[in-house]
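J.: Generate coordinates for the sequence data below:
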Amino acid sequence: MRNFDSLSEREILALAISLEEEDERVYADYAEGLRQDFPASASVFDGMRAEESTHRRRLIEQYQRKFGDHIPLIRRQDVRGFVYRKPVWLMRPLGLDIVRNQATAMEVESRRFYEKAAARAEDAGVRQLLDDLAQEERSHEDRAGALEKDKLRPDVKRQEDAANRRLFVLQIVQPGLAGLMDGSVSTLAPVFAAAFATHNSRDAFVVGLAASLGAGISMWLRRSALR
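T.: Okay, here's the model as predicted:
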């Protein structure tokens, strides 16, 4: 990984293009993931995706004017200091609160990047563009608010929030309770079987301890697989 301070102006622009492309695709994924259950919120993210697309196009035009057509692939994971983002496809099902909080964090990180990049730029045109983008990222919160006001009328927002709560119960709470009951039955059944078969409390205790350890290991393995 490279330190940000070691990047050249050309590499900073290439990184900015890559970041805007990633943000554009993330917002598109958010919109697509929310479209079925939360169409109004999906429209908000469609608007934010369009904003990122415009930024990327302006960066590419500036890069081509100064450095030519070849743009090296420099990604966020190649440079120190960027926050890790969990891929959208690993965040299913998408929750409204999680998506909105993640989008806010993305905008803050982008603004800080452009502010730092503009301070490093030597070319006046590049610095002006990066300053402009930093200002636009600063105003994205207002833009997102305007989009929400346009697409998410109070009645629509109430409906989506209610749908979000229902989905949470159906997708998270109910499966969790089912798993708890299933795990309880799986753990207790061998204990009762041993007690009836042997009529010995020590044997029942040993079987119950083994079943509990097995259930604990199984839960740990499942949790590790989900990370």
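J.: For the chain, which segments count as strands?
T.: Counting by DSSP state E, one finds no strands in the chain.
J.: helices and strands of it: which one bottoms out on pLDDT?
T.: helix 154-168 (a mean of 54; mean pLDDT, DSSP states H and E).
J.: Report how many residues lie close to Arg2.
T.: 12 (other CB atoms under 10 Å). Every C-beta, even on glycine, is put in place using the N, C-alpha and C of the backbone.
J.: Please name the residues that touch the residue lying closest to it once chain neighbours are set aside.
T.: Residue nearest to Arg2 in three dimensions, not counting chain neighbours: Val79, with 5.4 Å by CB to CB, 6 or more residues apart in numbering. Going by CB atoms under 8 Å, 6 or more residues apart in numbering, Val79 touches Met1, Arg2, Asn3, Phe4, Leu7, Leu15.
J.: Would you confirm that the last one contacts Ile74?
T.: Okay, so that is Leu15. Yes. Assessed by CB atoms under 8 Å, Leu15 is found in contact with Ile74 at 4.5 Å.
J.: Mutual contacts of these two, please.
T.: What both Leu15 and Ile74 touch, as defined by CB under 8 Å, 6+ apart, is the set Leu7.
J.: So the two - more neighbours on which side?
T.: Leu15 (24 against 20).
J.: Now do that one, the pLDDT please.
T.: At Leu15, the pLDDT value in this model is 97.
J.: Around the residue lying closest to Ala121 once chain neighbours are set aside, how many other residues sit close by?
T.: Distances taken as CB to CB, 6+ apart place Arg127 nearest to Ala121, at 3.9 Å, with adjacent residues excluded. Arg127 has 16 neighbours, counted by other CB under 10 Å.
J.: Next one: Arg127 relative to Arg76, how far apart?
T.: Plainly put, Arg127 is 22 Å away from Arg76 if you go by CB to CB, to the nearest Å.
J.: Kindly report the domain assignment for the protein.
T.: Per automatic domain parsing, the structural domains of the chain span 4-152, 163-226.
J.: Which stretches in this protein count as helices?
T.: According to DSSP state H, the chain carries its helices in the segments 9-34, 39-67, 96-120, 124-151, 154-168, 174-198, 201-226.
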